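Engineer: turn this into a model:
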Amino acid sequence: MRNFPVIVLGLLACFLLCSACTDRTATGTAVVTEPTSIIPGTAPSSSGHAGCPEGSCDLPWTGTWALSGGDHPLVTFSQKGVEITGKTEGISLYGTTTGTPPKLSGTWKGGDGKEGWFWFDMSADQNAFHGEWFGTGTYSAINGTRK
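Structural biologist: Okay, the predicted model is just below:
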């Protein structure tokens, strides 16, 4: 009987949380509503990049980039939401993007069994990036420009 007030308060808290995420239609049926913002000051967009400021969710990493500072002349990125995949001569890249201007970090795997990690920071105009590429016995400063 001593736990009864704790149980009642717990159930009340659950009820309040559930009611905050529902809306009532004219017929009285509960409808779950989508959040209007995932991160304060941001809004979801049709691109699926939920963490970007309103109007800047244009999938900035998608496309082909000319590289300097490494052994590979081009990389092609494909962006779906915050997830990025990339391909360059025999190497696959996997990462996530955050921030404004966008940052990209992740891992890479080569067909030769080598692997490592990378980070890239995009310029404010979204036409260039700089970063670093690491692996077993490998390090390169990388610069990229949009093709």
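Engineer: list the buried residues of stretch 63-81.
Structural biologist: Buried residues in stretch 63-81, counted by 16 or more other C-beta atoms under 10 Å: Trp65, Leu67, Gly70, Val75, Phe77, Gln79, Gly81. Where you see a C-beta, it was placed from the backbone N, CA and C, and this is true even at glycine.
Engineer: run a quick neighbour tally on Thr136.
Structural biologist: Other residues near Thr136 come to 8 when the count uses other C-beta atoms under 10 Å.
Engineer: rewinding a little: among the buried residues of stretch 63-81, show me the least confident.
Structural biologist: Minimum pLDDT for the buried residues of stretch 63-81 is recorded at Gly70 (68).
Engineer: quick check: the farthest pair among the buried residues of stretch 63-81?
Structural biologist: Gly70 and Gly81 (26.7 Å; C-beta to C-beta).
Engineer: from Leu59, how far off is the closest residue to Thr107 other than its chain neighbours?
Structural biologist: Nearest non-adjacent residue to Thr107, counting by C-beta to C-beta, 6 or more residues apart in numbering: Trp117, 5.1 Å away. Between Trp117 and Leu59 the computed distance is 22 Å (C-beta to C-beta, to the nearest Å).
Engineer: each with direction, which strands does the helix or strand containing Gly86 pair with?
Structural biologist: Using DSSP states H and E, Gly86 falls within strand 83-88. Here strand 83-88 has these sheet partners by DSSP bridges: strand 74-80 (antiparallel), strand 91-98 (antiparallel).
Engineer: if we can go back for a sec, ok, of the buried residues of stretch 63-81, which one's closest to Phe129?
Structural biologist: Here the nearest of the buried residues of stretch 63-81 to Phe129, counting by C-beta to C-beta, is Trp65; it sits at 7.4 Å.
Engineer: beta partners of that closest one?
Structural biologist: Beta bridges link Trp65 to Val75, Arg146 when assigned by DSSP bridges.
Engineer: do Lys103 as well
Structural biologist: Beta bridges link Lys103 to Thr98, Asp121, judged by DSSP bridges.
Engineer: doesn't Ser123 make contact with it?
Structural biologist: No - judged on C-beta atoms under 8 Å, Lys103 makes no contact with Ser123 at a distance of 11.4 Å.
Engineer: quick one on the thing from earlier: doesn't the residue nearest to Thr107 belong to a helix?
Structural biologist: No - if the criterion is DSSP: H, G, I helix; E, B strand; the rest coil, then Trp117 is strand and not within a helix.
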